[in-house]
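Structure for this input, please:
(one chain, ligands or ions: 2)
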Amino acid sequence: MKLFKNFNFDKLKEGLSKTRNKLANSITETISGKAVIDEEILSNIEEILISSDIGYDLTEKIIINSRIRLKEEKDRSSLNINRIVKHELISVFDNNYSSNTGLDIINKPYIIVVIGVNGVGKTTTIGKLANNFRKEGLEVIIGAADTFRAAASEQLQIWAKRASVKLVKNISGSDPSSVAYETVSLALKENYDVVIIDTAGRLHNKSHLMEELNKINRVISKVIPTAPHETLLVIDGTSGQNALVQANEFSKVANITGLVVTKLDGTAKGGVIFQICDKQKIPVKYIGIGEGIDDLQNFDPEAFVAAIFDDNN
Ligand SMILES: Nc1nc2c(ncn2[C@@H]2O[C@H](COP(=O)(O)OP(=O)(O)OP(=O)(O)O)[C@@H](O)[C@H]2O)c(=O)[nH]1
Ligand SMILES: [Mg+2]
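Numbers count the residues shown, from 1 in each chain. Ligands and ions are numbered 1, 2, ... in the order given. Modelled structure (predicted):
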């Protein structure tokens, strides 16, 4: 069973307006009125792609492929280069996606652990996810396993209330893994459909973080051997190259099954999503395009590129 589909193209377009300005509108400006796409225009496009956080390696690949296709197709019009660049951007996601995205319930309760560095939007994303699941008629329980920061569970409580879902909070002195254990045990006992575990982003160092995440996973699998079923890494779309570094670091310590890229509404750096997918080969499952409870969308590569290029979907 597919967990939920939340997608609104107009909202996506609105959310990606800054990235569109930087990327697609600049390309349009460069090619408009040009009868023939020459090397100079290709090099302008190359600069635009790099400055849009698509990254040097991927940009090179796109430009080389564009050059080949322009030659093969014998159509060097501005319309065709736009089509080729879009095609190249969409094809970045080819290997990461089958026919659809999102989460699939294969077990009940379905256990999702949400990880990522501090401030990227984990707690907000959990609130949004919980709301979507609940709207689908699923019973949701959230575990506040970020016991590192005092205010973390209060923040999660506000989101749980907004989404009308159950929350398991830490009793004072309890550690993250015991909260995770309690949440999953309760979910099993009371027949919940989906469990979402919030984790701390700020730990003393990398080995501490790895230890913590391992411990959480271990206790969860004691209750349900196949769990966790998903480990979602949340990354902040506004952080540009740093987002890529985070994806690299976390993939060394956790078995990430999907990415959530947040705050795409506040940035012109949305192009980073292409770079991360090209390098990481981990599918982007959801994107955050606002702070509201309804501002988490399923990620659809074609619609994403269409929204950036102001096309109709
Ligand atoms: N504009 C925008 N803001 C977002 C989005 N997602 C999260 N935020 C904001 O980012 C800030 C940090 O979000 P949190 O959910 O607290 O981040 P966190 O990863 O849980 O942070 P820690 O618990 O400190 O590790 C909040 O002000 C959110 O409102 C988004 O998609 N768009
Ligand atoms: Mg948090």
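
quick one: low-confidence ranges for the protein?
Where the chain drops to pLDDT under 70, the residues are 1-3, 95-105, 172-173, 202-205, 313.

quick one, helices of it?
In the chain, the helices defined using DSSP state H lie at 9-15, 17-20, 26-31, 39-51, 56-73, 78-91, 122-135, 152-163, 176-189, 206-223, 241-253, 272-280, 301-308.

near ligand 1, anything from the second one?
No - looking at helix 17-20 against ligand 1 by Cβ under 6 Å from any ligand atom, there are no contacts, and the closest approach is 11.1 Å. C-beta: built from backbone N, CA, C; applies to glycine.

Tell me the gap between that helix and the middle of its chain.
Centre-to-centre, helix 17-20 and its host chain are 17 Å apart (Cα atoms, centre = their mean, to the nearest Å).

Not counting its own residues, what contacts that helix?
Applying Cβ atoms under 8 Å, 6 or more residues apart in numbering, the contact partners of helix 17-20 are 13, 52, 264-271, 307-310.

how about the residues of the protein near ligand 1?
Residues of the chain lying near ligand 1 (Cβ under 6 Å from any ligand atom): 116, 118-124, 146, 149, 152, 201-202, 262-263, 265-266, 288-291, 295.

Would you write out the PyMOL command that picks the buried residues out of those residues?
PyMOL command restricting those to the buried ones, with burial defined by 16 or more other Cβ atoms under 10 Å:
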select buried, resi 116+120+121+122+123+124+146+152+201+262+263+265+266+288+289+290+295
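
which one of the contacts of helix 17-20 is nearest ligand 2?
Distance to ligand 2 across the contacts of helix 17-20 (Cβ to the ion) is lowest for Gly266, with 17.8 Å.

show me what contacts the residue nearest to the closest one when sequence neighbours are not counted?
Leaving aside its sequence neighbours, Gly266 sits nearest to Thr238 (Cβ to Cβ, 6 or more residues apart in numbering; 5.6 Å). Residues near Thr238 by Cβ under 8 Å, 6+ apart: 263, 266-267, 269.

again, 6 Å this time
263, 266-267 (Cβ atoms under 6 Å, 6 or more residues apart in numbering).

before we move on, what about Asn44?
Applying Cβ under 6 Å, 6+ apart, the residues contacting Asn44 are Thr30.

now it: how far from ligand 2?
Separation of Asn44 from ligand 2 (Cβ to the ion, to the nearest Å): 41 Å.

Could you do Thr124 as well?
8 Å.

can you check Ile216 too?
Noted for Ile216: a distance of 15 Å to ligand 2, by Cβ to the ion.

what about Ser164, how many neighbours?
Ser164 has 11 neighbours, counted by other Cβ atoms under 10 Å.

any idea how far it lies from ligand 1?
Between Ser164 and ligand 1 the distance, using Cβ to the nearest ligand atom, to the nearest Å, works out to 18 Å.

same deal with Leu209?
Per Cβ to the nearest ligand atom, Leu209 is found 11 Å from ligand 1.

So which of the contacts of helix 17-20 wins on neighbours?
For those, neighbours were counted using other Cβ under 10 Å, and Gly270 has the most, 30 neighbours in all.

How many residues are close by the nearest residue to it once chain neighbours are set aside?
Nearest residue to Gly270 in three dimensions, chain neighbours excluded: Thr19, at 3.3 Å (Cβ to Cβ, 6+ apart). Per other Cβ under 10 Å, the neighbour tally for Thr19 reads 25.

Ok, Lys222 next?
Applying other Cβ under 10 Å, we find 13 residues neighbouring Lys222.
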